[in-house]
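> Here is my input; please provide its structure:
(2 chains)
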Protein chains: 2
Amino acid sequence: MAEPIRVGIVGYGNLGRGVERAIGANPDMRPAGVFTRRAPSSVVPASESTTVRGIDDLAGLQDEIDVLVLCGGSRSDLPLQSPQLASAYSLVDSFDTHPRIPEHFAAVDASARAAGTTAIISTGWDPGLFSLQRLYGEAILPQGATHTFWGRGLSQGHSDAIRRIPGVAGGVQYTIPSEEAMARVRAGESPVLSTRDKHTRECFVVLEDGADADAVREAIVTMPDYFEPYDTTVHFITAEELARDHAGAPHGGFVIRSGTTSSGTTQTVEFRLALDSNPEFTASVLVAYARAAARLASAGDHGAKTPFDVAPGLLSPKSPEALRAELL
Amino acid sequence: MAEPIRVGIVGYGNLGRGVERAIGANPDMRPAGVFTRRAPSSVVPASESTTVRGIDDLAGLQDEIDVLVLCGGSRSDLPLQSPQLASAYSLVDSFDTHPRIPEHFAAVDASARAAGTTAIISTGWDPGLFSLQRLYGEAILPQGATHTFWGRGLSQGHSDAIRRIPGVAGGVQYTIPSEEAMARVRAGESPVLSTRDKHTRECFVVLEDGADADAVREAIVTMPDYFEPYDTTVHFITAEELARDHAGAPHGGFVIRSGTTSSGTTQTVEFRLALDSNPEFTASVLVAYARAAARLASAGDHGAKTPFDVAPGLLSPKSPEALRAELL
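Prediction:
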């Protein structure tokens, strides 16, 4: 068996913990340490054998690390870290601010080409696996329409928005896709769907002592961009119920392409994720792409890539021969 | 806009007709003729502008054709045609005899490497799109199980088997996936499923005058390999009903990967096709891979490939920049 792929983990929140776990599930990989901006002694990895160092210690560890998995956020971490670290390491990230992907790609590409590294950006499930399904669907059925539905799942951004409202002690928000809208898309109706038609939002909120429930509800359902464009339901619960029933991070969704290949002949392609843990699944995707990044780098195929540029076989630990015999 | 990709169609049955139609749905491609083993004058293409020639006329048309789409069968056509034609043209086929894929790949690869052509084999949906889903699912969730279900759909092979039984004037067979088995897989139960658990078979049969219905039914349900391992239902209908209700070729199916990323955390990835026309959809997949084959050939990436080796972006007519901006 070949030498294992040594994977450095940059950042150790929920996603970083998921990456450490996912590396453990892949016998051809091993962790090459966690790199954190916090005091290393304050970070306790899940496995005793995983070392923790400061992020500045990454300077000059190229002999110990084949690929980095960046586990920071898209708002402030990755726009700086990905181009900077690609100047020294091959890496993958999960940059997910869709409108800023072209500029992120350009910055990472310049850095990676100059350094001779390979950096796969925007892996994960959306962008990532959902993007792949949108591409395959459109390429195969050029006469048709693609709809992406998210949920049922916990939205971190919308949960944060609820928690910033005065009088709110805690809360979570679930995005729920409309079964009726999905049924119409599956049937090949190619409906024109408004934001309100596609998803509803459901909130579970803990009030501070003495807070006005009606005022909180009104503040939520009228919040521009976040809730106003949707039909939103607000449930008030206790802190105990919040901790007991809403501690997980489930998510998922659907990409549905419906098209015609001749008059009256409808063809429907549907991809669905149902995830008990969004960060653990995202981490699993990142780790599979880390394998591909290490292989592309070894083959001399440098620069920035996205999942669109990565041949599927590169994600699997199996040889091309085994893949053809077992999975084709 | 770049020059259109010129696509030759080898064979003109249901699949070849679908390929001609799919080329018409892709503005960056144009048909470079149908090549048939029949008398060319006996073949009438759907479009008046499509030329029809004998298959032997393919010798020396490299200046007119960028890629061939082979539309023959896996039993006797493709094992000969794919290696032979890859010695002169880049091509795609839909070779679907799973256990013989390794030897087919080797024969095509030797021919394509020697000639400097690019041949993508086993495109279509199974093998093809379903294979890709099996690969992505296994690579991302290494601790789990994958189940493929087919249907509801018309099986050509099983319909042919029915029609060979004495006393049968006509008939079709539908493969039906078990909703109960799919529900258990989706729930992450990782059940051990027998052949009988996963699919049932439903037959619609027209008897010859004076044939014994009970004898025909018994001959069907006890047929080894084809029907004996399944729960099979046989309906007797009239020739008019067969023509009216069973002239289409619907098909589809499901690939479901269910795995865990930590104790009790189930993640499920599901891919589903619901096809009004199996040959038209298969043709659409072949044509998208023909675009990829032409591009790989232009880039000097020669030899045999499978969908596992083809970066998704190569299937789309859009540029990498447009794909990142619009679909990622």
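> Measure how buried the residue in the stretch 1-150 of chain A that chain B sits nearest to is and give me the count.
Chain B sits closest to A:Ala139 of the stretch 1-150 of chain A, with a gap of 4.0 Å, by Cβ to the nearest Cβ. Every C-beta, even on glycine, is put in place using the N, C-alpha and C of the backbone. For A:Ala139, the neighbour count with other Cβ atoms under 10 Å in any protein chain shown is 26.
> Confirm for me that it is in contact with B:Ser316.
Yes. A:Ala139 is within contact range of B:Ser316, at 4.4 Å (criterion: Cβ atoms under 8 Å).
> what residues are shared contacts of those two?
B:288, B:291 (Cβ atoms under 8 Å, 6 or more residues apart in numbering or on different chains).
> Three-state assignment for the residue of the stretch 1-150 of chain A closest to chain B, please.
helix (DSSP: H, G, I helix; E, B strand; the rest coil).
> How about the contacts made by it?
B:288, B:291, B:315-317.
> What about chain A: which of those touch it?
When contact is defined as Cβ under 8 Å from any Cβ of the partner chain, the contacts of A:Ala139 meet chain A at B:288, B:291, B:315-317.
> and which of the residues you listed is nearest to B:Ser155?
Nearest to B:Ser155 out of the ones next to chain A among the contacts of A:Ala139 is B:Ala288 (Cβ to Cβ; 24.5 Å).
> was I right about the closest one contacting B:Leu314?
No. Counting by Cβ under 8 Å, B:Ala288 sits too far from B:Leu314 to count as a contact (9.0 Å).
> quick one, which of the two is more surrounded?
Legend: neighbour count by other Cβ under 10 Å for B:Ala288 and B:Leu314, higher for B:Ala288 (25 against 22).
> Please list all residues in contact with that one.
A:139-140, B:315-316.
> pLDDT and distance to A:Ile23 for those residues - can I get that in a markdown table?
Listed next are the contacts of B:Ala288 as a markdown table, based on pLDDT from 0 to 100; distance: Cβ to Cβ, whole Å:
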| residue | pLDDT | distance to A:Ile23 |
| --- | --- | --- |
| A:Ala139 | 98 | 33 |
| A:Ile140 | 98 | 34 |
| B:Leu315 | 98 | 31 |
| B:Ser316 | 98 | 32 |
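> got TSV for the residues you listed, with distance to B:Asp93 too?
Formatted as TSV, the contacts of B:Ala288 follow (distance: Cβ to Cβ, whole Å):
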residue	distance to B:Asp93
A:Ala139	18
A:Ile140	17
B:Leu315	16
B:Ser316	21
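> Farthest-apart pair in the residues you listed, please.
A:Ile140 and B:Ser316, at 9.6 Å, using Cβ to Cβ across the contacts of B:Ala288.
> So which of the two has more stuff around it?
Between A:Ile140 and B:Ser316, counting by other Cβ under 10 Å, A:Ile140 is the more crowded of the two (27 against 24).
> Can you verify my assumption that that one contacts A:Thr261?
No. A:Ile140 is beyond contact range of A:Thr261, at 9.5 Å (criterion: Cβ under 8 Å).
> Identify the contacts common to the two.
With Cβ under 8 Å, 6+ apart, A:Ile140 and A:Thr261 have common neighbours B:281, B:284.
> show me the contacts for the closest residue in space to A:Gly157 that isn't next to it in sequence.
Spatial nearest neighbour of A:Gly157, excluding adjacent residues (Cβ to Cβ, 6 or more residues apart in numbering or on different chains): A:Tyr226 at 7.8 Å. Each residue near A:Tyr226 by Cβ under 8 Å, 6+ apart is listed here: A:157-158, A:161.
> among these, which are in strands?
Residues of the contacts of A:Tyr226 located in strands (DSSP state E): none.
> Now tabulate the residues you listed in a markdown table and tack on distance to B:Gly73, neighbour count and pLDDT.
As requested, the contacts of A:Tyr226 are exported to a markdown table (distance: Cβ to Cβ, whole Å; neighbours: other Cβ atoms under 10 Å in any protein chain shown; pLDDT from 0 to 100):
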| residue | distance to B:Gly73 | neighbour count | pLDDT |
| --- | --- | --- | --- |
| A:Gly157 | 53 | 9 | 87 |
| A:His158 | 53 | 22 | 93 |
| A:Ala161 | 58 | 19 | 93 |
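> any idea which of the residues you listed is closest to B:Arg113?
Nearest to B:Arg113 among those, with distances taken as Cβ to Cβ, is A:Gly157, at 51.0 Å.
> Show me which residues of the stretch 1-150 of chain A sit near chain B.
So far as Cβ under 8 Å from any Cβ goes, the stretch 1-150 of chain A lies against chain B at A:18, A:21-22, A:25-26, A:98, A:101-102, A:105, A:122, A:127, A:129, A:131-132, A:134-136, A:138-143.
> Which ones among those residues map onto helices?
Among those, the members found in helices (DSSP state H) are A:18, A:21-22, A:101-102, A:105, A:129, A:131-132, A:134-136, A:138-140.
> Which one of these is nearest to A:Phe236?
A:Gly18 (31.5 Å).
> thought the closest one was touching A:Asp276?
No. Contact criterion Cβ under 8 Å: A:Gly18 and A:Asp276 do not qualify, at 11.9 Å.
> Quick check on the two: which one has the bigger neighbour count.
Set side by side, A:Gly18 and A:Asp276 show more neighbours around A:Gly18, with 28 against 20, by other Cβ under 10 Å.
> So the residue nearest to the more buried one when sequence neighbours are not counted versus A:Pro27, what's the distance?
Closest residue to A:Gly18 apart from its sequence neighbours, by Cβ to Cβ, 6+ apart: A:Ala283 at 2.9 Å. Between A:Ala283 and A:Pro27 the computed distance is 17 Å (Cβ to Cβ, to the nearest Å).
> Who has more neighbours out of the two?
Of the pair A:Ala283 and A:Pro27, A:Ala283 is the one with more neighbours under other Cβ under 10 Å, namely 28 against 10.
> returning to what we had before: quick one, which of the ones in helices among the residues of the stretch 1-150 of chain A next to chain B are buried?
Buried members of those, scored by 16 or more other Cβ atoms under 10 Å in any protein chain shown, are A:18, A:21-22, A:101, A:105, A:129, A:131-132, A:134-136, A:138-140.
> Nearest to A:Leu91, out of those: which one, please.
Among those, A:Phe105 lies closest to A:Leu91 (Cβ to Cβ), at 13.4 Å.
> ok so the residue nearest to A:Gly157 is a helix residue?
No. Assignment of A:Tyr226 by three-state DSSP gives coil, placing it outside any helix.
> Please give the element, helix or strand, for A:Val192.
Using DSSP states H and E, A:Val192 maps to neither a helix nor a strand.
> who does A:Val206 bridge with?
Bridge pairing for A:Val206 (DSSP bridges) gives the partners A:Gly170.
> check contacts around it.
By Cβ under 8 Å, 6+ apart, the contact list for A:Val206 reads A:168-171, A:236-239, A:242.
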